[in-house]
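> Show me how the following folds:
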Amino acid sequence: MSSQRERIAAFLQLAKEELDVAGWLVERAPRQCAYLVQQAAEKLARAILTAADVKFGTGHNLGQMAEALPKGHPWVEKIKPLDRHSPAATRYRYPTMAGRLVDPPTTRALQRDVAELADLLEEARRFLNEEASL
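Coordinates of the predicted model:
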């Protein structure tokens, strides 16, 4: 297996693990759940970027990741909507400058996000397996 294929597989594995843990935390720790949903989305995007041979530094902005894909890439429009999770990379992990904690998303929204991302992760896995077999 090439190092690129190993890296893609590792990103997908991490996304799956983070999403599994996010599912456990929906009601118990919603802030941490939102952060892990963002992280899972980021790992999924990084797997797609790696497969497209696109280098993308250490940023967490999913919209920028989508835009970094080649024009017409089938995953641009799938990753772009995930940008709504980008702020969760830091929003729920630190207090505001005034010392307040930002309210986490609702349980219902988190459940929807976890389910949506689980479906997208499976779609990405199929897409990347097809790409590898070409």
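> Can you tell me the centre-most residue of the protein?
For the chain, the residue nearest the mean C-alpha position is residue 41 (0.7 Å; C-alpha atoms, centre = their mean).
> Once you drop chain neighbours, what's closest to residue 67?
Nearest non-adjacent residue to residue 67, counting by C-beta to C-beta, 6 or more residues apart in numbering: residue 76, 7.4 Å away. Bear in mind the C-beta positions are built from the backbone N, C-alpha and C, glycine included.
> Flag the shaky bits of the chain, pLDDT-wise.
1, 133-134 (pLDDT under 70).
> List the contacts of residue 35.
By C-beta atoms under 8 Å, 6 or more residues apart in numbering, the contact set of residue 35 is 88, 89, 92, 93.
> Most neighbours among those residues, which one?
residue 88 (24 neighbours; other C-beta atoms under 10 Å).
> List the buried residues for stretch 125-133?
125, 127, 128 (16 or more other C-beta atoms under 10 Å).
> Check stretch 63-79 too.
65, 66, 68, 69, 73, 75, 76, 78, 79.
> Same check on stretch 15-23?
For stretch 15-23, the neighbour count (16+ other C-beta under 10 Å) marks 15, 16, 18, 19, 22, 23 as buried.
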